[in-house]
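1. next comes the sequence, and after it the predicted model I'd like to discuss.
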Amino acid sequence: MPEALLSIDHCFSQNKDNEKDLNDVIVKEELLIKLIITKAFFDFSDAIKQDLDLTEAYENILELLVKYEMEEAGVILDEFRIH
């Protein structure tokens, strides 16, 4: 599961310049995105923190979602960095 974060981060990064399409995807797939970021935090946080690439990918994803006003991503990002 944690390795999927690398692909998700790559996809989001490739589409940062196309804000409308990226926003549409985030809104359309909001439930799935929340499931992924929550599962990653609760079940794989330690494994993610042990790998610099995974940590950067996860934080990039969460930061991007915060930019698109997904409050849960902000809470998870804060908790991930604290613990």
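-> Sure thing, it's come through. Here the structure is a predicted model, which means the values were calculated and not measured.
2. mind saving the C-alpha coords of the helix or strand of the chain with the lowest mean pLDDT as CSV?
-> Every helix and strand of the chain was ranked by mean pLDDT, DSSP states H and E. The lowest is helix 19-28, at a mean of 92. Taking C-alpha atoms only, helix 19-28 is exported to CSV below (Å, rounded to 0.1, in the frame of the first residue of the first chain):
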residue,chain,number,x,y,z
GLU,A,19,-6.1,23.0,-11.7
LYS,A,20,-9.7,22.6,-13.0
ASP,A,21,-9.2,19.0,-14.0
LEU,A,22,-7.3,18.2,-10.9
ASN,A,23,-10.1,19.8,-8.8
ASP,A,24,-12.7,17.8,-10.7
VAL,A,25,-10.9,14.5,-10.0
ILE,A,26,-10.4,15.4,-6.3
VAL,A,27,-14.1,16.2,-5.9
LYS,A,28,-15.3,13.2,-7.9
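3. so what touches it?
-> Phe12, Asn15, Lys16, Ile33, Leu65, Tyr68, Met70 (C-beta atoms under 8 Å, 6 or more residues apart in numbering). For every residue, glycine as well, the C-beta is placed using N, CA and C.
4. could I get the phi/psi values of the second one?
-> Dihedral angles phi and psi of Asn15 (degrees, to the nearest 10) take the values phi -110, psi 10.
5. just the third one next, same as before
-> Geometry field for Lys16 lists phi and psi as phi -60, psi -40, criterion degrees, to the nearest 10.
6. for burial, what's the neighbour tally of the residue lying closest to it once chain neighbours are set aside?
-> Distances taken as C-beta to C-beta, 6 or more residues apart in numbering put Leu22 closest to Lys16, at 6.9 Å, once the chain neighbours are dropped. Residues lying near Leu22 (other C-beta atoms under 10 Å) number 18.
7. just the contacts of helix 19-28: which has the poorest pLDDT?
-> Least confident of the contacts of helix 19-28 in the model: Lys16, at 81.
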